[in-house]
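>>> I would like the atomic coordinates for the input below:
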Amino acid sequence: MYWESLFNHRALRLQPSIIQEMMAFASRPGVISFAAGQPSDDLYPTEAIAEGLKFSLSELSVLAYPNTAGDTSLREWISVWMAKEGLSSGEKGAENILLTTGSQQGLNILSQLFLQEGDGVIVENPSYPEAMLTFAKEGARFFPVSLDEEGPIPEELETLLSQEKIRFFYTIPTFQNPSGRSTSAARKKIILEVLKRHNVFVVEDDPYRQLWFDEEPACTYLSMAEKENHVVYLGSFSKIIAPGLRCGWMVLPPEVMEKAVYLRLTLELGVSSLLQKTVLYVVSQEKFLHHMRRIRAVYAQRRHAMASAVEEYLNPLGFKSVVPKGGFFSWGELHGVNGVDLAYLAAAKHKVAVIPGEIFFSKPEEGRFWMRLSFAKVGEEKIIDGVKRLSCAIQEFI
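Model prediction:
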């Protein structure tokens, strides 16, 4: 059977990623991995998850087909929690929340609802590669906007919106993947004004928001523009509970919610009721607040270990980076050293895995000197050892 000749245009756009290659390297014995953009295994609230599974199984309904929009009680909890935390203005309730199998499914739903061949999507430069892959699958064209210390540059947005047919602006405004940057409230206000003039909405992907170290992040786009139905918000439990539970959510305008539910019926019908009830049990426990304080403290310590090691071993070699205030990532530039070549050498010879920057840019050549180091899954001693190994690899290039 000649399968290649039978694939449709979406399938033909799916290609292997260097992230997959680096993750394969990272699984080898003795390798220290800064590749995985994942939470740390030792920080999963396993006791609460086990209790939640047992409690959930007391209701046989969790083994039946799920509510297509998601468990009503969990959606209500999310609605109340978001309003309490200031993530939303409280304008929308559970009826506007769709539970997903993680934020990635939310991106897929949006791409299928809104994108057609040739449509433009504005993305941050750099941005999350799996989001770009999802949009590209539908034939989207990318228009990158640069970031400064405050966030995306409004003047660049204005120019793109004036010249191109744009469907939406995709942003990770809090501890962004890969840069670790956050968009200020003042900058968000300006960006919303620009987008509203051009009738373009925001896709606010916010999985790292709760992982702040020094101070709580700025208000969300959603809280600033919820009444105007100008923002689609994506949240996730993957980074704060466990990614294997595959549970996230979308906050949608009413018209979009209706279509998203219809689309869900053509996909997998809904998120596992058992897992939704388990998540609800975990977040409803008083000890969940302790869990959140604990993971913030541990990730902050690992961030500090990474920043100190980078300052001692990489900065003298020309590596330039900014210390993140939350999230999982250290992002840096080593001018003159090709990131892909360095990543392969570091993994194969020095047993340390990093992700080269090219994959995070819509124009890969712009990221050739950049790399992402994830500190989330690595203990402090191994972080120092891994950065030392990376410095040895760099010295072979300079």
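>>> correct me, but residue 62 touches residue 270?
No. In terms of Cβ atoms under 8 Å, residue 62 does not count as a neighbour of residue 270; the distance is 11.9 Å. All C-beta spots, glycine's among them, are computed from the backbone N, C-alpha and C.
>>> Going along the chain, name the strands of the stretch 151-300 of the chain.
Listed in chain order, the strands of the stretch 151-300 of the chain (DSSP state E, counting those that start in this stretch) span residues 151-152, 166-171, 201-205, 231-236, 248-251.
>>> Neighbouring strands of the last one in the sheet, and parallel or not?
Looking back up the chat, that one is strand 248-251. Looking at strand 248-251 with DSSP bridges, its partner strands are strand 97-100 (antiparallel), strand 231-236 (antiparallel).
>>> Which helix or strand in the chain has the lowest average pLDDT?
Taking mean pLDDT, DSSP states H and E as the measure, the helices and strands of the chain show their lowest mean at helix 18-26, namely a mean of 80.
>>> what does that helix contact?
With Cβ atoms under 8 Å, 6 or more residues apart in numbering as the contact definition, helix 18-26 has outside contacts at 31, 33, 35-36, 129, 340, 343, 347-348, 353-356, 358-359.
>>> do that again at 6 Å, thanks
Residues outside helix 18-26 that contact it (Cβ atoms under 6 Å, 6 or more residues apart in numbering) are 33, 35, 347, 353, 355, 359.
>>> returning to that earlier point: residue 177 is nearest to which of the strands of the stretch 151-300 of the chain?
Each of those has some distance to residue 177 by Cβ to Cβ; the shortest is strand 201-205, at 8.8 Å.
>>> tilt between that closest one and strand 166-171?
Angle between the axes of strand 201-205 and strand 166-171 is 30 degrees (criterion: axes from the mean of the first three to the mean of the last three Cα atoms, to 10 degrees).
>>> What strands line up against strand 201-205, and which way round?
Sheet pairing of strand 201-205 (DSSP bridges) gives strand 166-171 (parallel), strand 231-236 (parallel).
>>> okay, those in a markdown table with mean pLDDT, mean neighbour count and distance to residue 320 next?
Output for the strands paired with strand 201-205, formatted as a markdown table (pLDDT from 0 to 100; neighbours: other Cβ atoms under 10 Å; distance: least, Cβ to Cβ, whole Å):
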| stretch | mean pLDDT | mean neighbour count | distance to residue 320 |
| --- | --- | --- | --- |
| strand 166-171 | 98 | 24 | 24 |
| strand 231-236 | 97 | 25 | 30 |
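>>> Just send those back as JSON lines, with distance to residue 304 too.
Rendered in JSON lines, the data for the strands paired with strand 201-205 read as follows (distance: least, Cβ to Cβ, whole Å):
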{"stretch": "strand 166-171", "distance to residue 304": "27"}
{"stretch": "strand 231-236", "distance to residue 304": "25"}
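>>> Out of these, flag the one nearest residue 331.
Closest of the strands paired with strand 201-205 to residue 331 is strand 166-171, at 16.1 Å (criterion: Cβ to Cβ).
>>> CA atoms of the closest one as CSV?
Once non-C-alpha atoms are left out, strand 166-171 reads as follows in CSV (Å, rounded to 0.1, in the frame of the first residue of the first chain):
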residue,chain,number,x,y,z
ILE,A,166,-5.2,38.1,10.4
ARG,A,167,-7.5,35.7,12.2
PHE,A,168,-6.2,36.0,15.7
PHE,A,169,-3.2,36.9,17.9
TYR,A,170,-1.7,33.9,19.8
THR,A,171,0.1,34.8,23.0
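>>> what does that strand contact?
The set of residues that contact strand 166-171 without belonging to it, under Cβ under 6 Å, 6+ apart, is 114, 119-124, 131, 200-203.
>>> Let's see that with 8 Å instead.
If you take Cβ under 8 Å, 6+ apart as the criterion, strand 166-171 is touched by 110, 114-115, 119-124, 127, 131, 135, 140, 143, 145, 152, 157, 160, 183, 191, 195, 198, 200-205, 221, 232.
>>> which intervals of the protein have sub-threshold pLDDT?
1 (pLDDT under 70).
>>> what do you get if the cut-off is 80, keeping everything else the same?
Within the chain, the stretches with pLDDT under 80 are 1-2, 16, 18, 25-26, 90-91, 226-227, 398.
>>> what domains does the record give for it?
The domain map for the chain lists 3-44+289-395, 64-284, with the assignment taken from automatic domain parsing.
>>> Distance-wise, check residue 196 relative to residue 202.
Here the criterion is Cβ to Cβ, to the nearest Å. By it, residue 196 lies 10 Å from residue 202.
>>> Over to residue 252?
The span separating residue 252 from residue 202 equals 13 Å under the rule Cβ to Cβ.
>>> shouldn't residue 160 be in contact with residue 123?
No. Under the criterion of Cβ under 8 Å, residue 160 makes no contact with residue 123, lying 10.5 Å away.
>>> Mutual contacts of these two, please.
When Cβ under 8 Å, 6+ apart defines a contact, the residues bordering residue 160 and residue 123 alike are 143, 145.
>>> So which of these two has more stuff around it?
More crowded of residue 160 and residue 123, by other Cβ atoms under 10 Å: residue 123, with 26 against 19.
>>> Wait, a helix at that one?
No. Note on residue 123: no helix contains this position according to DSSP: H, G, I helix; E, B strand; the rest coil, which reports strand.
>>> Would you map the helices across the stretch 101-250 of the chain?
Chain-ordered helices for the stretch 101-250 of the chain, with DSSP state H, counting those that start in this stretch as the definition, fall at 103-114, 129-137, 154-163, 185-197, 221-225.
>>> Out of those, which is closest to residue 87?
Evaluated with Cβ to Cβ, the helices of the stretch 101-250 of the chain place helix 221-225 nearest to residue 87, the distance being 6.2 Å.
>>> can you give me how far the closest one is from the chain middle?
Its chain's C-alpha centre lies 19 Å from the corresponding centre of helix 221-225 when counted by Cα atoms, centre = their mean, to the nearest Å.
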